[in-house]
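> Sharing a model that was predicted from the sequence below.
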Amino acid sequence: MPSIRTHAALLAALAFAVPAAAQPLAGMDEYVAAAVRNWKIPGLALAIVKDDSVVYARGFGVAGPGGPAVDAQTLFANASTTKAFTTTALAMLVDEGKLHWDDPVTKHLPAFQLRDPHTTRELTVRDLVTHRSGLAATDELWYASGATTADVVRRLRFQEPQWSLRSRYAYNNNAFAVAGEVIRAASGMPWDEFVRRRILAPLGMQATLTGLAGLEERPNHAKPHMEIGGTIRPVGHRALDNVGPAGSMNSSVAEMARWLRFQLDSGRVAGRRLVSDSSFRELLSPQTVIPVASRYPAARLARPNFTAYGLGWFLQDYRGRKLAMHTGSIDGMSALVALVPEERLGLVVFANLDHAELRHALMYRVVDAYTGAPPRDWSTELRALYGEAGARSRAAQLRRDSARVRGTRPSLAASGYAGTYADPLRGEVTIRHESGRLVARYGGYAGPLTHWHHDTFRARWDDPALGNSQITFALDAAGKPRALVLEGVGEFRRRSEKP
């Protein structure tokens, strides 16, 4: 097992002193180290803030293949924990009178348009950041798509709403991209510049990045890892800059401890208020009820009485206290930030493994430690819970594979499927006949096709993080392809060839 960085080495790096571990954290090093091994996480970092002091900041495991060891300064992906920075930026603009939470989006972005005219007219800034737009998640607009932020925002006008406005909770990253454009319009600064100048600089978060640019040049950054074919393997960093306000930041637990202190001091840093008290309380107030079916699986064990979404924060009760938290997940990276304002307690967990759900176990263990709860092995309990979910997923995959119809042949010669298939919302899929085989290209990735059954083919993408996808062609009455369905994305209509 790689060594844990010593606490003494950290003291010189941090601008604040970390006192010796208090009794609530007795045995924490050993517990986390064992849990990291059990969950097969290459590297993890944890920081805890209590009463405006950083009482714990440690790294475990390695940042990448062959080292170096993770420490509190190692940069990881924030992923969706970025969202609270975006809502804090909006709160600052509310304080300045440059916008209001209930402003129509079109007040700041007159050209913004959705498919439903009523929703276009009524959608507010608050709706954007509380997951109640009525739009289903269409992450394929930005994920490995090659689309710009402008593309993502423009294409939303082609998305059919799945629910009426404000009728239900539906997590949506694209809406946060629109919120970033509202920040640009109201402040005159792009979202990333606003966050750097107005939040990161005052908090002294000098090493934190708002995107991927410059990350590879930093010697102390974590490499993403995913389980592929039963093996933990390194994968490339996934760019999220086209939906930056939803999740593109990269930081360390040492720097995020400054963010925790700012949050636990109700929007103040060094006694100076960056967000008004009323705006800060609004950020942590329930806005959208989250139904039981949409709760994190860990809630089955924590059994909260309510779950809701605030402004960039998930909210629930735990042990009679309000718990504000947010996870973040992107290819090969996991994050969690949590606050218990009543106890002036906060923590941040970063890991370089896809959906490393040990993060929830550490959150509950830390809260238990400071609220006098009896000892509970959250890691073991949650590993069993997620193990059951993994088994169900593998069984579903086996059922799908077993449904393959053997002995069928495609309706056409391979070259007959070639062409460009387009959708105004999702862009283009191109199918090319190259060197005797079909190759699909969508967004920023490509992969060869092999026949599955009938007119369905399996694409093996060149990015291992994407795995395999099925592509099914639909033929018209003349026996020519009229459309294809890309698994998990949607339908694309074939473009007519020009004469």
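Now that the structure is in, tell me what you want to look at. Since the model is a prediction, treat every value here as computed from it, not as a measurement. Residues are numbered from 1 along each chain as shown.

> Helices along the stretch 251-400 of the chain, start to end?
253-264, 277-283, 299-302, 358-371, 378-402 (DSSP state H, counting those that start in this stretch).

> just so I know, which of those helices lies nearest residue 53?
helix 253-264 (8.5 Å; Cβ to Cβ). Quick note: C-beta positions are derived from backbone N, CA and C, even for glycine.

> could you say what helices and strands that closest one packs with?
Here helix 253-264 touches strand 43-50, strand 53-61, helix 201-203, strand 268-269, strand 333-340, strand 345-351, going by 3 or more Cβ pairs under 8 Å, 6 or more residues apart in numbering; DSSP states H and E.

> now for the longest one, which elements pack on it?
Using 3+ Cβ pairs under 8 Å, 6+ apart as the contact criterion, the secondary-structure elements in contact with strand 53-61 are helix 7-13, helix 28-38, strand 43-50, helix 253-264.

> For residue 57, find the nearest of these.
That would be strand 43-50 among the helices and strands packed on strand 53-61, by Cβ to Cβ, at 4.3 Å.

> now the angle from the closest one to strand 345-351?
170 degrees (axes from the mean of the first three to the mean of the last three Cα atoms, to 10 degrees).

> per-domain residue ranges of the chain.
As given by automatic domain parsing, the domain ranges for the chain are 7-393, 414-494.

> Any chance of JSON lines for these, columns distance to residue 400?
Formatted as JSON lines, those follow (distance: least, Cβ to Cβ, whole Å):
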{"stretch": "domain 7-393", "distance to residue 400": "11"}
{"stretch": "domain 414-494", "distance to residue 400": "9"}
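
> from these, which stretch is densest packed?
Each of the domains of the chain was scored by mean neighbour count; the highest is domain 7-393, a mean of 19, by mean count of other Cβ atoms under 10 Å.

> how about the domains of the chain, which one is nearest residue 405?
domain 414-494 (4.2 Å).

> What average pLDDT does the closest one get?
Averaged over domain 414-494, pLDDT sits at 94.

> same deal with stretch 273-293?
96.

> Contacts for that stretch next, please.
Here stretch 273-293 makes contact (Cβ atoms under 8 Å, 6 or more residues apart in numbering) with 84, 87-88, 91-92, 94-95, 101, 126, 130-132, 168-169, 198-199, 202, 262, 266-268, 306-315, 322, 324, 339, 341.

> same check, this time on stretch 218-225
42-43, 63-65, 68, 70-71, 73-77, 207, 215, 232-238, 250, 252, 330-333, 350, 352-354.

> residues contacting residue 337?
Contacts of residue 337 (Cβ under 8 Å, 6+ apart): 81, 84, 256, 259, 260, 325, 326, 328, 346, 347, 348.

> rewinding a little: quick one: mark the members of the contacts of stretch 218-225 that sit in strands.
43, 76, 77, 232, 233, 234, 250, 330, 333, 350 (DSSP state E).

> on that earlier part again, could you dump the helices and strands packed on strand 53-61 into TSV with mean pLDDT and distance to residue 371 added?
Shown next, in TSV, are the helices and strands packed on strand 53-61 (pLDDT from 0 to 100; distance: least, Cβ to Cβ, whole Å):
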stretch	mean pLDDT	distance to residue 371
helix 7-13	39	24
helix 28-38	97	15
strand 43-50	98	12
helix 253-264	98	15
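
> Would you reformat the ones you listed as TSV and include distance to residue 494?
Shown next, in TSV, are the helices and strands packed on strand 53-61 (distance: least, Cβ to Cβ, whole Å):
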stretch	distance to residue 494
helix 7-13	57
helix 28-38	49
strand 43-50	46
helix 253-264	48
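
> and residue 393, which of the ones you listed is closest to it?
helix 28-38 (19.7 Å).

> now the angle from the closest one to strand 345-351?
Using the same axes, to 10 degrees, helix 28-38 lies at 30 degrees relative to strand 345-351.

> And the contacts of helix 28-38?
1, 4, 21, 43-44, 46, 56, 58, 60-61, 358, 361-362, 365, 369, 379-380, 383.

> could you redo the last one with a cut-off of 10 Å?
With Cβ atoms under 10 Å, 6 or more residues apart in numbering as the test, helix 28-38 has contacts from 1-4, 7, 21, 25, 41-46, 48, 55-56, 58-61, 70, 349, 351, 353, 356, 358, 361-362, 365-366, 369, 377-380, 382-383.

> Do I have it right that residue 148 meets residue 142?
Yes. Residue 148 lies in contact with residue 142 (Cβ atoms under 10 Å); the separation is 9.3 Å.

> List just the nearest of the contacts of residue 337 to residue 401.
residue 328 (31.5 Å).

> How about the closest one, nearest residue that isn't a chain neighbour?
Leaving aside its sequence neighbours, residue 328 sits nearest to residue 79 (Cβ to Cβ, 6 or more residues apart in numbering; 2.8 Å).

> Quick check: which ranges of the stretch 301-450 of the chain have low pLDDT?
For the stretch 301-450 of the chain, no stretch has pLDDT under 70.

> Please repeat the previous calculation with a cut-off of 90.
Within the stretch 301-450 of the chain, the stretches with pLDDT under 90 are 386-403, 435-436, 443-445.

> tell me the SS of residue 119?
Taken by DSSP: H, G, I helix; E, B strand; the rest coil, the conformation at residue 119 corresponds to helix.

> quick one: contacts for it?
105, 113, 127, 133, 134, 135, 161, 164, 165, 166.

> Which pair of those residues spans the longest distance?
113 and 166 (18.7 Å).

> returning to what we had before: from the contacts of residue 119, which ones fall inside helices?
Taking DSSP state H as the definition of helices, these contribute 105, 127.

> what's near enough to touch residue 461?
Here residue 461 is in contact with 144, 440, 441, 442, 445, 446, 447, 448, 467, 468, 469 (Cβ under 10 Å, 6+ apart).
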